[in-house]
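> fold the following.
(chains A and B)
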Protein chains: 2
Amino acid sequence: MRAIPANREFQMSNVRYDVLGFGNAIVDVIARADDDFLVKQEMRKGGMSLIDEARAQAIYDAMGPAVEISGGSAANTIVGVAGFGGRAAFVGKVKDDELGGVFAHDIRAAGVAFDTPPAADGPSTARCYIMVTPDGERTMNTFLGAAQDLHPNDVDADTVAASGIIYLEGYLWDPPHAKEAFRKAAKIAHDAKRQVALTLSDAFCVGRYRAEFLDLIRSGTVDLVFANESELLSLYEAKDFDAAAAALRNDTKLAVVTRSEKGCVVVSKSGNEAVPAAPIKQMVDATGAGDLFAAGFLFGLARGQDHKTAARLGALAAAEVIQHIGARPEVSLKTLAQQNGLPV
Amino acid sequence: MRAIPANREFQMSNVRYDVLGFGNAIVDVIARADDDFLVKQEMRKGGMSLIDEARAQAIYDAMGPAVEISGGSAANTIVGVAGFGGRAAFVGKVKDDELGGVFAHDIRAAGVAFDTPPAADGPSTARCYIMVTPDGERTMNTFLGAAQDLHPNDVDADTVAASGIIYLEGYLWDPPHAKEAFRKAAKIAHDAKRQVALTLSDAFCVGRYRAEFLDLIRSGTVDLVFANESELLSLYEAKDFDAAAAALRNDTKLAVVTRSEKGCVVVSKSGNEAVPAAPIKQMVDATGAGDLFAAGFLFGLARGQDHKTAARLGALAAAEVIQHIGARPEVSLKTLAQQNGLPV
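A predicted model of the protein is given here:
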């Protein structure tokens, strides 16, 4: 279990993409809701629940007028990388239906290479029904649909080998074949001396796959771990942040733990480094905060910035995305970084 | 041509709906764009152009990441009426596809009765590709799709007769059979002593159907006309606002002309009455301004308010909708009116 290649060397030369993301390709269906609605619908506030098609229909029938915006955790991150001016690509499965067309249009229009062929039949493109409560917190219900059909065949070895960092979402452990795609991509990446990053995605996702995630981290299958506070505590079944962070430092070479308005902590062998959150005027919708933090950090890392600068880029992108509805940036992150004196 | 029934009496008793709207059922696909994009795409800034499916695809391929929000001019108005607490219903045609489901969900979730059966085959649900420039102006390109299949059979006589005001959009003159549905509904409404309102929709729409619109107004087929300044000028092929307003006063018993930040003018036999616009912090997206003005005015009229109060309700709703992306209100218009001391 403890087989981290101690001196694994990465190379960022000859890259076609700074970051290549693998994730569930999802269209978000976002509506405002009050806390009573969550109680009535027995939704776990702030979390992500997997739902079947019947439950998806029942939730949709009950929820208020909605807005459709492309989402998906790793997809949001990759769009953020492109927004900073990074070269970015995404692998994920939609169906050849209207919402699949929306997802493909939006990610390509953001400047991301997206070549995964859509499924011709089977379930429809994945949807995430997101309730945004007045405090800006989001509660998510995901119908995985076509995203379940991501398969190792969808991993193009040349593309992986030509990407500086590959980024994988923990949510990929939910669809049956996607984890095989994940492992295949990680192997190709390491053979090509590329870095592999993983986000733990959600505390309950960690609960479902704790042993496997710990093994991915401890075996060195992943080189960089993103987690928020509750995911970290869930991973180590701990109640104390410092103890969990110490355990994480022991298990991996590099991790970033985001702590909402408290900023983040970069965890590495050289110690913990705290970086504050970027200021905001008003929290409107928390959806995508972690995704966009990862975007900034990955972009910084890919461009050779130190961890603190990378974390500041992440904090800036997270602050942008929580001040409006939807998990995709509404302004140029490159311009935003320049205005804030950060290197892009 | 000049056959206005001089003393037509309306009754608002025994109504099931305060307002029943007829319009094109459309999902808006909204993206930010700069003026250069409009020039390159040869789009008429601020206007609405009808496009075919091939052009729709070309525009979608060229435009940036987008958001999907239910729209449609009269549909936006009717949602606004419901937002004030009015009893509201809508007639319009979608296809039985994913975006048709989105339209139906959103309008019903807003509290509007919507019972028009979706088309089982034929073109897909209508979409309007909207470019929002940095000045907040919107430029629209509409693929009418299934909306073209609105038919007189879709007009339920009992529902029309039980609605205090029926509201029709000028855009209905574009689909071939919808104008027949429009005329059928107007006849039923008048037979039941109900009011018929028409919005002129768009200056170029007026250009396409000027003679027919003038006939509708002069013959008394419509009792209340909504127009903005450019539509009014187009209707009378005039350059001078006062002259056009005088012509309109001569042709109809009641009209409201909206003038953007200059507010509106209520035109009636007793003279012109100006009502100022409601203050805004920032113009974000002009889409739906006229639609929501009509919502407030119609709601006020249906509830027996005087013209000035009705216009103030309209101005308030218009101010709400231009301060965010999308043409549907994001807050309760009823609460907003109460906060502003207006009767609801």
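> would A:V257 count as being in a strand?
Yes - assessed with DSSP: H, G, I helix; E, B strand; the rest coil, A:V257 lies in a strand.
> that one contacts A:E229, doesn't it?
Yes - A:V257 is within contact range of A:E229, at 6.4 Å (criterion: C-beta atoms under 8 Å). To be clear about C-beta, it is placed using only N, CA and C from the backbone, and glycine gets the same treatment.
> which one's more surrounded, these two?
Higher neighbour count among A:V257 and A:E229: A:V257, with 24 against 18, using other C-beta atoms under 10 Å in any protein chain shown.
> OK, contacts around the closest residue to the more buried one other than its chain neighbours?
Nearest non-adjacent residue to A:V257, counting by C-beta to C-beta, 6 or more residues apart in numbering or on different chains: A:V265, 4.8 Å away. A:V265 makes contact with A:A245, A:V256, A:V257, A:R259, A:N272, A:E273, A:A274, A:V275, according to C-beta atoms under 8 Å, 6 or more residues apart in numbering or on different chains.
> now A:P123
The contact partners of A:P123, taken as C-beta under 8 Å, 6+ apart, are A:E53, A:K95, A:L144, A:G145, A:A146, A:Q148, A:D149.
> write down the beta-bridge partners of the closest residue to the third one other than its chain neighbours, one by one.
Nearest residue to A:L144, sequence neighbours excluded (C-beta to C-beta, 6+ apart): A:A126, at 5.2 Å. Here A:A126 shows beta-bridge partners A:I26, assigned using DSSP bridges.
> burial check on A:A126, number of neighbours?
Applying other C-beta under 10 Å, we find 28 residues neighbouring A:A126.
> now A:S332: how far from chain B?
11 Å (C-beta to the nearest C-beta, to the nearest Å).
> ignoring the adjacent residues along the chain, who's closest to that residue?
Nearest-residue entry for A:S332: A:G83, 6.4 Å, with adjacent residues in sequence omitted and distances by C-beta to C-beta, 6+ apart.
> that neighbour and A:P329 touch, don't they?
Yes - using C-beta under 8 Å, A:G83 is in contact with A:P329, at 5.0 Å.
> give me the common contacts of those two.
Common contact partners of A:G83 and A:P329 (C-beta under 8 Å, 6+ apart): A:A317.
> more neighbours, these two?
Higher neighbour count among A:G83 and A:P329: A:G83, with 31 against 23, using other C-beta under 10 Å.
> for the more buried one, give its distance to A:G111.
Distance, A:G83 to A:G111, using C-beta to C-beta, to the nearest Å: 8 Å.
> next: A:A126.
In terms of C-beta to C-beta, A:A126 sits 22 Å off from A:G111.
> again with A:Q148
27 Å.
> please apply the same query to A:D202.
Counting by C-beta to C-beta - A:D202 and A:G111 are separated by 27 Å.
> please identify which of those two sits among more neighbours.
Between A:D202 and A:G111, counted using other C-beta under 10 Å, the more crowded position is A:D202 (25 against 17).
> Provide the backbone phi and psi angles at the more buried one.
Dihedral pair for A:D202: phi -170, psi 140, per degrees, to the nearest 10.
> strands of the stretch 101-250 of chain A, start to end?
With DSSP state E, counting those that start in this stretch, the ranges of strands along the stretch 101-250 of chain A come out as A:113-114, A:126-132, A:138-143, A:163-169, A:195-199, A:224-228.
> got these as JSON lines, with mean pLDDT columns?
Shown next, in JSON lines, are those (pLDDT from 0 to 100):
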{"stretch": "strand A:113-114", "mean pLDDT": "98"}
{"stretch": "strand A:126-132", "mean pLDDT": "98"}
{"stretch": "strand A:138-143", "mean pLDDT": "97"}
{"stretch": "strand A:163-169", "mean pLDDT": "97"}
{"stretch": "strand A:195-199", "mean pLDDT": "98"}
{"stretch": "strand A:224-228", "mean pLDDT": "98"}
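> so which of the ones you listed gets nearest B:I280?
If you check each of those against B:I280 by C-beta to C-beta, strand A:126-132 wins as the nearest, at 23.1 Å.
> which residues touch the closest one?
Outside of strand A:126-132, the residues within contact range by C-beta under 8 Å, 6+ apart are A:24-33, A:37-38, A:43, A:48, A:51, A:56, A:59-60, A:63, A:66, A:71-72, A:94, A:99, A:138-148, A:284-287, A:325.
> next one: it to chain centre, how far?
Its chain's C-alpha centre and that of strand A:126-132 lie 15 Å apart, by C-alpha atoms, centre = their mean, to the nearest Å.
> tell me which residues of stretch A:172-184 are tucked away?
Under the neighbour-count criterion of 16 or more other C-beta atoms under 10 Å in any protein chain shown, stretch A:172-184 has A:L172, A:W173, A:D174, A:P175, A:H177, A:A178, A:K179, A:E180, A:A181, A:F182, A:K184 buried.
> end to end, how far does it reach?
Start-to-end span of stretch A:172-184 (C-alpha to C-alpha, to the nearest Å) is 13 Å.
> could you give the mean pLDDT of it?
Across stretch A:172-184, the average pLDDT comes to 92.
> cool, and stretch A:95-112?
If you average the pLDDT over stretch A:95-112, you get 98.
> now do stretch A:246-259
Averaged over stretch A:246-259, pLDDT sits at 97.
> quick one, grab the pLDDT at A:M1.
The model reports A:M1 with a pLDDT of 39.
> so where is chain A shaky, pLDDT-wise?
The model of chain A has pLDDT under 70 over residues A:1-7.
> what lies in contact with stretch A:223-233?
Residues outside stretch A:223-233 that contact it (C-beta under 8 Å, 6+ apart): A:8, A:10, A:165, A:195-203, A:205-206, A:217, A:235, A:238-239, A:241, A:244-245, A:248, A:252-260, A:290, A:293-294, A:297, A:301.
> returning to that earlier point: a helix runs through the residue nearest to A:V257, doesn't it?
No - counting by three-state DSSP, A:V265 is located in no helix; its state is strand.
> what about it, distance to chain B?
For A:V265, the distance to chain B (C-beta to the nearest C-beta) stands at 32 Å.
> same check, this time on A:N272
Per C-beta to the nearest C-beta, A:N272 is found 36 Å from chain B.
> just confirm that residue is within a strand.
Yes - membership of A:N272 in a strand is supported by three-state DSSP.
> in the helix or strand hosting A:Q57, what counts as buried?
Taking DSSP states H and E as the definition, A:Q57 sits inside helix A:53-62. Buried residues in helix A:53-62, counted by 16+ other C-beta under 10 Å: A:A56, A:I59, A:Y60.
> got it, and stretch A:137-152?
A:137-151.
> cool, and stretch A:66-82?
A:66-82.
> can I get it in CSV? Just the C-alpha atoms.
C-alpha atoms of stretch A:66-82 as CSV (Å, rounded to 0.1, in the frame of the first residue of the first chain):
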residue,chain,number,x,y,z
ALA,A,66,-34.9,26.5,-13.8
VAL,A,67,-32.0,27.5,-15.9
GLU,A,68,-29.9,25.0,-17.9
ILE,A,69,-26.2,25.6,-17.8
SER,A,70,-23.4,23.1,-18.7
GLY,A,71,-21.7,21.7,-15.6
GLY,A,72,-19.9,18.5,-14.4
SER,A,73,-17.2,18.9,-11.9
ALA,A,74,-14.1,18.2,-13.9
ALA,A,75,-15.7,19.8,-17.0
ASN,A,76,-16.1,23.0,-15.0
THR,A,77,-12.5,22.8,-13.9
ILE,A,78,-11.2,22.3,-17.5
VAL,A,79,-13.3,25.2,-18.7
GLY,A,80,-11.7,27.3,-16.0
VAL,A,81,-8.2,26.2,-17.1
ALA,A,82,-9.1,27.3,-20.6
